[in-house]
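# Let me see the structure of the following:
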Amino acid sequence: MSKELPQPQQSEEVDLGQLFKLIGNAFDRLFKFIGSVFIGIYKLILILMLHFYKRFIWYVGAVFLGLVIGVILDRKSDQLYGANMYIETNFDSARQVYENIRQFHQLAKIDKDTLQLAEYLKISPNEAAKLKGFYVQPDVDENYIMELYSKFYNSLDSISQLTMVYDDYKKSLNSYNYKTHIIGVASTDKFIYKKIQDVFVKEISDNEYLKELAKVNQQILKKRDTVLLQQVQKTDSLASQYLKIRINESNKTPLSGAGTNLYMGNAEQNSLIVDESKILQQRLRYEDQRREIDSALVKQQNIVNVVSGFPSTGYDITEWHEKKTYILPMLLFSITLVVFGLKDLGNYLKHQQTHLNYRK
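Just a heads-up that it's a prediction; the model follows:
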């Protein structure tokens, strides 16, 4: 049995040798394949360089011709201008605003109904024909989203709070959940924006229900302000009376305690019933509430507030890939490449056919 033990060891050495040989052959084929790829790329680059070298004048001429024609066409064509306006919506009016702007975009961009557009915006049909599109999107502010999320999170019960995370809430928001929105208008007339702004804002918020809601809200705020004003007057009167009492009390024998002392029934003489400083603090709170109402009266006066209006003139919004100065040179270059490429392919196929016929 001791003589039979070395035989498996020799077999293992043979197997390892074959394994290393197979690995070496695999690496050799891999390196040859990589080398053939680089050689193929080199040959392709060389063929392309020879192709362009032989027809260099043709390609330069095509690019130059496209450039000249593109410049001429761009100068003759109307320049496209754009301008943005930022608005703030009240009373959940964002849906109405978006629908009306989609209507304006349909009239200007798709239907090209200049008569209807001119009637809406109170401009001439010629001016309306220069309007090329209306666009709207929310002005996304991460801080505002956090504020919305905080309010929503606090309104949930303890179980719902465990499942509602910020990212999920952010994904659930749509364009109507935001207060501020960006409205863009495209036109070939750079001076038209101020002409249409006032009428345009009125038209995009045109809704009888929203108008009535804004009217009622103004009435409610004014009534609250009237009530608060009455409360301020009462506190002023009360503070004046207590001041008189304090003056009268100061002329008498001093009593212990601070503020104005009023005594009722069997109350102890030194017991402090009213401190006029508290009345003054309450008056300040009323005044703060009145200031908030004054701010709300301004912010909620309209269905749509213009945070930032259109500029006096529009600005160029044409993208480089929309200008014929860039498009035509690339187009003519591509056409030239296709034509000569097909010609070279035809010559190659003829050569192959001739070679096959010769072998036969």
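
# Could you tell me how far the longest helix along the chain lies from the centre of the chain?
Assignment by DSSP state H gives helix 6-54 as the longest helix of the chain. Here helix 6-54 is found 53 Å from its chain centre; the criterion is Cα atoms, centre = their mean, to the nearest Å.

# which residues touch the following helix or strand past it?
Next along the chain after helix 6-54, taking DSSP states H and E as the criterion, comes helix 56-76. Here helix 56-76 makes contact (Cβ atoms under 8 Å, 6 or more residues apart in numbering) with 52, 323-333, 335-337, 340. C-beta coordinates here come from the backbone N, C-alpha and C atoms, glycine included.

# hmm, try it at 7 Å
52, 323, 324, 325, 326, 327, 328, 329, 331, 332, 333, 336 (Cβ atoms under 7 Å, 6 or more residues apart in numbering).

# Parallel or antiparallel, which strands does the helix or strand that comes right after that helix pair with?
Going down the chain from helix 56-76, the next helix or strand is strand 81-89, by DSSP H and E. If you go by DSSP bridges, strand 81-89 pairs up with strand 180-187 (antiparallel), strand 304-308 (antiparallel), strand 315-316 (antiparallel).

# Of these, flag the one that's most buried.
strand 180-187 (a mean of 21; mean count of other Cβ atoms under 10 Å).

# any idea of the mean pLDDT for it?
Here strand 180-187 scores 93 as its mean pLDDT.

# could I get it in PDB with only the CA atoms?
Written as PDB, here are the backbone C-alpha positions of strand 180-187 (Å, rounded to 0.1, in the frame of the first residue of the first chain):
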ATOM      1  CA  THR A 180     -46.000  80.600  -5.300                       C
ATOM      2  CA  HIS A 181     -45.900  79.800  -9.000                       C
ATOM      3  CA  ILE A 182     -43.800  80.900 -12.000                       C
ATOM      4  CA  ILE A 183     -45.700  82.000 -15.200                       C
ATOM      5  CA  GLY A 184     -43.600  82.300 -18.400                       C
ATOM      6  CA  VAL A 185     -44.700  83.900 -21.600                       C
ATOM      7  CA  ALA A 186     -42.900  83.500 -25.000                       C
ATOM      8  CA  SER A 187     -43.300  86.200 -27.600                       C
END
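
# Toward the C-terminus from it, list the very next helix or strand.
Heading C-terminal from strand 180-187 (DSSP H and E), you reach helix 193-204.

# packing partners for that next one?
Judged by 3 or more Cβ pairs under 7 Å, 6 or more residues apart in numbering; DSSP states H and E, the packing partners of helix 193-204 are helix 94-105, helix 114-121, strand 304-308.

# quick check, distance from the helix or strand following that helix to the centre of its chain.
Heading C-terminal from helix 193-204, the first helix or strand you meet, by DSSP H and E, is helix 208-250. With Cα atoms, centre = their mean as the basis, helix 208-250 stands 42 Å off its chain's centre.

# quick check: mean pLDDT across helix 208-250?
84.

# And stretch 329-340, by the same measure?
Stretch 329-340 comes out at a mean pLDDT of 90.

# what does that stretch contact?
Under Cβ under 7 Å, 6+ apart, the answer for stretch 329-340 is 51, 55, 58, 59, 62, 63, 65, 66, 67, 70.

# Tally up the residues packed near the second one, please.
Same thing as residue 55. 18 (other Cβ atoms under 10 Å).

# For it, give me phi and psi.
With angles defined as degrees, to the nearest 10, residue 55 sits at phi -120, psi 30.

# element containing the closest residue to it other than its chain neighbours?
The shortest distance from residue 55 to any non-neighbouring residue, by Cβ to Cβ, 6 or more residues apart in numbering, is to residue 340 (5.7 Å). Following DSSP H and E, the helix or strand that holds residue 340 is helix 324-359.

# got the angle for that helix vs helix 56-76?
150 degrees (axes from the mean of the first three to the mean of the last three Cα atoms, to 10 degrees).

# Can you give me the buried ones in helix 324-359?
Neighbour counts over helix 324-359 (16 or more other Cβ atoms under 10 Å) mark 324, 325, 326, 327, 328, 329, 332, 333, 336, 337, 340 as buried.

# distance of the third one from residue 333?
Look at residue 326 and residue 333: by Cβ to Cβ, to the nearest Å, they are 11 Å apart.

# what does residue 311 give?
Distance from residue 311 to residue 333, by Cβ to Cβ: 38 Å.

# again with residue 230
If you go by Cβ to Cβ, the gap between residue 230 and residue 333 works out to 81 Å.

# Kindly report the same for residue 146.
51 Å.

# got it, and residue 147?
On the measure of Cβ to Cβ, residue 147 and residue 333 end up 53 Å apart.

# What of residue 278?
To residue 333, residue 278 is 85 Å away according to Cβ to Cβ.

# cool, and residue 235?
In terms of Cβ to Cβ, residue 235 sits 83 Å off from residue 333.

# again with residue 323
Here residue 323 is placed at a distance of 16 Å from residue 333 (Cβ to Cβ).
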